[in-house]
Each structure stands twice: as C-alpha cells, then as structure tokens.
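**Student:** Quick one: sequence and predicted model below, then my questions.
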Amino acid sequence: MKTLKIAIQKSGRLNEKSVELLKNCGLNFENYKSSLISPVSNFPLEILFLRDDDIPEYVQDGIADLGIVGENVIQETEVEVSYLQKLGFGKCSLKIAVPNNTNILSIADLNGRSIATTYPVILNKYLNELGIQSDIRTISGSVEISPGLGLSDAICDLVSTGGTLKSNGLKPFADVMSSEAVLIGGKGSENNELIQELIQRIQSVLRAKETKYVVLNVLKDHLDAVIQLLPGVKSPSVVPLAEADWVAVHTVIPERDFWDRISQLKQAGAQGIVVMPIEKIIL
Ligand code: PRT
Ligand code: ZN
C-alpha cells in the first residue's frame, strides 16, 4: 500500500502537541527536529515538517495526504480540504480588538475605520456579512502594536489568554471565529484504509484524554447509589473484596465533570477513590 504523508508544523505553537499526538498513536519516528521528513518505522507513514501556512495547500494539492493545522489557517488560505477530526489543542479565537480609550462602541462604528490584521480574507468575509466597510490593512506580524503607533483604529488577531491585548492597551470587541488544531485530508480520504486506521487511532487517544479510570471501594449497601452516579463506557465492573460487605467498582469518568462526580461519589459512600490516566479507548 502507498506510504502516506502527514504534514505538521515544524516549529511553533502546534508542533509539540502534534508530535505528542502522533507518538501517542503508537507511531515511532525520530530526528524530527533536524530533518524535514521523518519516516515512521512501524506504520506506512512519513512525517513532513512544514511552516503551518503551507500545510493546507500541500494537502489540497496531494503532496501530503494529511495535515495538522489551525482552522484559522485553513479558512485564510481558502483551500479545498476535508476536515477529518478536531484535535482539541491550539484553541484560540480570532477577535477584533480596539484600544481601551476608543470611540468605537458598536460594530457599525467600524465603518470607514482601519483594521490591521494578518487574516484579511477571514476578516473581509466577516465584515461583508455584516455589511460593514472598513479599511483592512494587511500586515505580516506584531499586529497588536499598530493602534498604538497610529497605523490603525483596531486590530483583528488571534487571542488565547488575552494577555497580549491587555499589555498593549487593547480590549476584545468582537469574535470573528474560534479555532483549534484539526486533522485535514485531501480528496478520497474517506476511502483510504490507512487514513481511516490513523483516524481511529487518533480518536482512541482523544477519547482517552477526555476520561479518567476510577477505582473505588463501597459498602454493598451503598452500591446502587454509587452506580447511579457512574455513566461508564458501558456499565461499571463490580468486583468482590476480601471483606464480605465491601466491593470495588471500576469505571471511567469524563474529565469535564470529574470534580463534581468525585464529590457526589464520596457523599454517596465511596471510599479509597483511585484515579488513573487512560492511554487509549478503542470502541
Ligand atoms: O512558523 P510558522 O508559520 O509555522 O508559525 P506561526 O508563527 O505562523 O504560528 P504559531 O506557531 O504562532 O501558531 C500556530 C497556530 O497556533 C495558529 O495558527 C493558531 O491556530 C494557534 N494558536 C493558538 C495561536 C495562539 N493560540 C496565539 N495565541 N496562534 C497565535 N497566537 C498569538 C497571537 O497571534 C498573539 O500574538 O499569540 C498572541 C496572543 O496570545 P495571548 O495568549 O496573549 O492572547
Ligand atoms: Zn505561520
């Protein structure tokens, strides 16, 4: 079968998480810092390390079969690729921000004003949909300093913590899009067995990340109350203990409502609760 190629960012915000995800999928590869292509020794796959801006086009043109890149980059480059899987990292939003002391108070106030950005395509679409006509100034970086230098009235840039806006005397004004890293593929990805196998591996790693493995002890009298609080993959396993009145319950709990669940479980009589990370969940 033809060896696949997956393009990931060479260095930058998405590099480490992309490498970690692929390694967690059981893929062995080396030298990724020093080479542009790294073969995977135990799967018919090569990893291409590229600038993130080039990844969507490489995938569209079939030079790479798959890519990991931020949704913001895909939308900006306007390529035709398939979204195969959201990956849950690199989360951020593209926002319009204005100086703290601005007189831009409503979206309509952006009419006739200048906005500096490295995302002119996405911004232009957003403003068009709202019927706003602004002067979009495309710059290649350090967008956040442009209002302070008198180069624009507002900016449109990616925000994660908001720290950069704050330290430049700016405040968020409008959400243009939210973004995270996604796995993309070209035409025919749905029919490619190797791609489907890789997607399944990625999904099993993502599922595992969202859940914890929990073992707890409970008096048999309280077992029903405890089980009611546990969704589990199917139903939890209940294992007898040496002490006749007690049982151990094994289950998985979603990370998102983890702390709520744990305190409810304690109230319902659970004791000796042990929580463990899960490596993979294969359905
Ligand atoms: O060299 P290459 O072209 O590959 O990398 P790059 O410099 O273009 O991109 P990089 O590594 O900075 O970001 C890669 C991807 O990470 C982006 O395309 C987004 O999908 C995602 N991402 C997530 C972010 C951020 N969070 C982010 N905060 N990309 C950039 N930022 C910048 C933002 O532009 C601003 O300057 O961080 C600053 C704001 O951060 P906060 O935390 O202060 O709000
Ligand atoms: Zn880039």
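**Tutor:** Done, it's in. Ligands and ions are numbered 1, 2, ... in the order given.
**Student:** From now on I want contacts and neighbour counts done on CA atoms only, so please keep to that.
**Tutor:** Noted.
**Student:** Does anything pack onto the helix or strand hosting residue 205? Which helices or strands?
**Tutor:** Secondary structure from DSSP states H and E places residue 205 in helix 193-209. Here helix 193-209 touches helix 15-24, going by 3 or more CA pairs under 8 Å, 6 or more residues apart in numbering; DSSP states H and E.
**Student:** what sits up against the helix it packs on?
**Tutor:** In this structure, residues lying in contact with helix 15-24 by CA atoms under 8 Å, 6 or more residues apart in numbering are 8-9, 29, 68, 89, 202, 205, 279.
**Student:** if you set the cut-off to 10 Å instead, what comes out?
**Tutor:** The contact list for helix 15-24, computed with CA atoms under 10 Å, 6 or more residues apart in numbering, reads 7-10, 25, 27-29, 32, 40, 47, 49-52, 67-69, 87-90, 181-183, 198, 201-202, 204-206, 279-280.
**Student:** and that helix, is it in reach of ligand 1?
**Tutor:** No. Helix 15-24 stays clear of ligand 1 (CA under 6 Å from any ligand atom), getting no nearer than 7.7 Å.
**Student:** I'd like the mean pLDDT over that helix, please.
**Tutor:** Mean pLDDT, helix 15-24: 96.
**Student:** how about it: buried residues?
**Tutor:** Using 16 or more other CA atoms under 10 Å as the test for burial, helix 15-24 gives 15, 17-19, 21-22, 24.
**Student:** ok, now stretch 62-70?
**Tutor:** By neighbour count on 16+ other CA under 10 Å, the buried set for stretch 62-70 is 63-70.
**Student:** you'd agree residue 124 is up against residue 136?
**Tutor:** Yes. With contact defined as CA atoms under 10 Å, residue 124 reaches residue 136; the gap is 7.5 Å.
**Student:** Which of those two has more residues huddled nearby?
**Tutor:** More crowded of residue 124 and residue 136, by other CA atoms under 10 Å: residue 136, with 23 against 15.
**Student:** Going along the chain from the helix or strand in which the more buried one is found, find the next helix or strand for me.
**Tutor:** Element membership of residue 136, judged by DSSP H and E, is strand 135-138. Once the chain leaves strand 135-138, the next helix or strand it forms, by DSSP H and E, is strand 154-159.
**Student:** Tell me which residues are up against the very next helix or strand once past that following strand.
**Tutor:** Beyond strand 154-159 in the direction of the C-terminus, DSSP H and E gives the next helix or strand as helix 163-167. Here helix 163-167 makes contact (CA under 10 Å, 6+ apart) with 97-100, 144-145, 155, 157-159, 170-172.
**Student:** Kindly format the C-alpha coordinates of the helix or strand just after helix 163-167 as CSV.
**Tutor:** Once helix 163-167 ends, the next helix or strand along the chain (criterion: DSSP H and E) is strand 170-179. Provided in CSV are the C-alpha atoms of strand 170-179 (Å, rounded to 0.1, in the frame of the first residue of the first chain):
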residue,chain,number,x,y,z
LEU,A,170,-6.4,46.9,23.8
LYS,A,171,-9.7,45.1,24.6
PRO,A,172,-11.6,42.4,22.8
PHE,A,173,-14.5,43.9,20.8
ALA,A,174,-16.0,41.2,18.5
ASP,A,175,-15.5,37.4,18.0
VAL,A,176,-14.7,36.6,14.3
MET,A,177,-14.1,32.9,14.6
SER,A,178,-12.9,30.3,17.1
SER,A,179,-10.2,27.9,16.1
